[in-house]
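Pasting the sequence and the predicted coordinates here, then a few questions.
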Amino acid sequence: MLALTWFSIQLFFKGKLFRDPIYFLRQTIIASGIGTVILVLLAQASIPLCIPISVASLTTGAIMPFLLQDFRMK
């Protein structure tokens, strides 16, 4: 398992892990932006901060598979 992780890290830093790194970056930024907007909007309410963080994290984690459904690695 550690060998696979090490190999993936090496490929990532060489720029050979993703087929289309711009697509991956764009989709990740979209998901992070949606999560950030949800967090900021919910943080304005007078509720404990752990609730907005949990909701934003769950939402971001739930939309990532849909955003990266056609993602391919080399």
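Nice, I can see it.

For this structure, give me the ranges with low pLDDT.
Within the chain, the stretches with pLDDT under 70 are 73-74.

where do the helices sit along it?
Along the chain, the stretches classed as helices by DSSP state H are 2-14, 21-43, 50-67.

Give me the distance between the residue most central in space within the chain and Ile9.
When Cα atoms, centre = their mean is applied to the chain, the residue found nearest the centroid is Thr28 (4.8 Å). In this view, Thr28 and Ile9 are 17 Å apart by Cβ to Cβ, to the nearest Å. All C-beta atoms are positioned from the backbone trio N, CA, C, and that covers glycine.

now do Ile30
From Ile30 to Ile9 the distance is 25 Å (Cβ to Cβ).

same question, Gln69
Per Cβ to Cβ, Gln69 is found 24 Å from Ile9.

Show me which of those two is the more surrounded one.
Ile9 (11 against 8; other Cβ atoms under 10 Å).

quick one, what contacts the residue lying closest to Val55 once chain neighbours are set aside?
When the adjacent residues along the chain are set aside, Val55 lies closest to Leu42, with 6.0 Å between them (Cβ to Cβ, 6 or more residues apart in numbering). Residues in contact with Leu42 (Cβ atoms under 8 Å, 6 or more residues apart in numbering) are 51-52, 55-56.
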